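1. after the sequence you'll find the predicted model.
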Amino acid sequence: MTITVWLSLFTICLLGAMSPGPSLAMVAKHSLAGGRHNGLATAWAHAFGIGIYAFITLIGLAVLLHQSPLLFKTISYAGAGYLAYLGFNALRSKGGVAAKLESGETVSAWQSAREGFMISLLSPKIALFFIALFSQFVAVGHELTSKAIIVVTPFVVDGLWYTFITFLLSSPLILDKLRSRAVLIDRLSGIVLLLLAARVVLTV
């Protein structure tokens, strides 16, 4: 793999990670509710899911999903259902930022990691990214080293981007201000997640 091809891969992965969506909402939620430790757990569990997507795209999932609309629709609807579930919980503050802060309940790193991982696997947006954009790089990965780079690049880029988001949101100056608006953040994140779920259902 040439440096030019890798830079193209890096740029696409970075733009994919930076695009707003349920992944950003999830990392923000756990960074606010549990602090930096939980935000990092969410970020890297999400990145691990991205790495799995990259690997299975490499071995042919993108082709399979493209050829099987039913399978893609099943994954998309499962993702929409999960987004809707998270959205309703956030609107009711059940398990959301506000509820955790008011009750003094600690959010475990395992819970943060689990939700980050599930979002990465069930997000139709991520599935589309790997089918439409990422899969084009699979053709250049004939050597084992190139294949490893193709899998590791999105994993590292995604993890580092959300690590940056976590450090930004868990800064004491920002954290105190955001936590004082925990209920509003829950409501907004719930609305965003429900709108994303509706968009998935309407566009599949």
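-> Yep, it's here. Numbering: from 1, shown residues only.
2. tell me which helix or strand of the protein sits lowest on mean pLDDT?
-> Sorting the helices and strands of the chain by mean pLDDT, DSSP states H and E puts helix 97-103 at the bottom, at a mean of 50.
3. what is the mean pLDDT for the following helix or strand past that one?
-> Counting by DSSP states H and E, the next helix or strand C-terminal to helix 97-103 is helix 109-122. Averaged across helix 109-122, the pLDDT comes to 87.
4. residues in contact with helix 109-122?
-> Identification of contacts with helix 109-122 by C-beta atoms under 8 Å, 6 or more residues apart in numbering yields 22-23, 26-27, 30, 34, 37-39, 41-50, 52-53, 75, 78-79, 82-83, 86, 126. (Glycine included, C-beta is placed from N, CA and C.)
5. buried subset of those as a PyMOL selection?
-> Remark: buried members of those, expressed as a PyMOL selection using 16 or more other C-beta atoms under 10 Å:
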select buried, resi 22+23+26+27+30+34+37+38+39+41+42+43+44+45+46+47+48+49+50+52+53+75+79+82+83+86+126
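6. let's check: the centremost residue of this structure is which one?
-> S23 (3.1 Å; C-alpha atoms, centre = their mean).
7. what helices and strands are in contact with the stretch of helix or strand it belongs to?
-> Here S23, judged by DSSP H and E, is contained in helix 22-34. Packing partners of helix 22-34 (3 or more C-beta pairs under 8 Å, 6 or more residues apart in numbering; DSSP states H and E): helix 36-58, helix 69-91, helix 97-103, helix 109-122, helix 144-169, helix 172-179, helix 182-203.
8. what are the buried residues along the fifth one?
-> Residues of helix 144-169 classed as buried by neighbour count (16+ other C-beta under 10 Å): 146-147, 149-151, 153-155, 157-159, 161-163, 165-166, 169.
9. once you drop chain neighbours, what's closest to L194?
-> G87 (3.8 Å; C-beta to C-beta, 6 or more residues apart in numbering).
10. quick check: the gap between V156 and F55.
-> Here V156 is placed at a distance of 14 Å from F55 (C-beta to C-beta, to the nearest Å).
11. next one: Y162
-> 19 Å.
12. which residues touch the closest residue to W44 other than its chain neighbours?
-> Take W44 and drop its neighbours on the chain: the residue closest to it by C-beta to C-beta, 6+ apart is G159, 5.1 Å away. G159 is in contact with A43, W44, H46, A47, counting by C-beta under 8 Å, 6+ apart.
13. switch those residues over to CSV; also include distance to L193 and pLDDT.
-> Shown next, in CSV, are those (distance: C-beta to C-beta, whole Å; pLDDT from 0 to 100):
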residue, distance to L193, pLDDT
A43, 18, 94
W44, 21, 96
H46, 15, 94
A47, 20, 94
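14. send me the helix holding S23 as CSV with only the CA atoms.
-> Coordinates of each C-alpha in helix 22-34 appear next as CSV, following Å, rounded to 0.1, in the frame of the first residue of the first chain:
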residue,chain,number,x,y,z
PRO,A,22,-25.3,8.3,17.6
SER,A,23,-21.7,7.4,18.3
LEU,A,24,-20.9,10.9,19.3
ALA,A,25,-24.0,11.1,21.5
MET,A,26,-23.0,7.9,23.3
VAL,A,27,-19.4,9.0,24.0
ALA,A,28,-20.7,12.4,25.2
LYS,A,29,-23.3,10.7,27.5
HIS,A,30,-20.8,8.5,29.2
SER,A,31,-18.2,11.2,29.5
LEU,A,32,-20.7,13.4,31.3
ALA,A,33,-22.3,10.7,33.4
GLY,A,34,-19.2,8.8,34.5
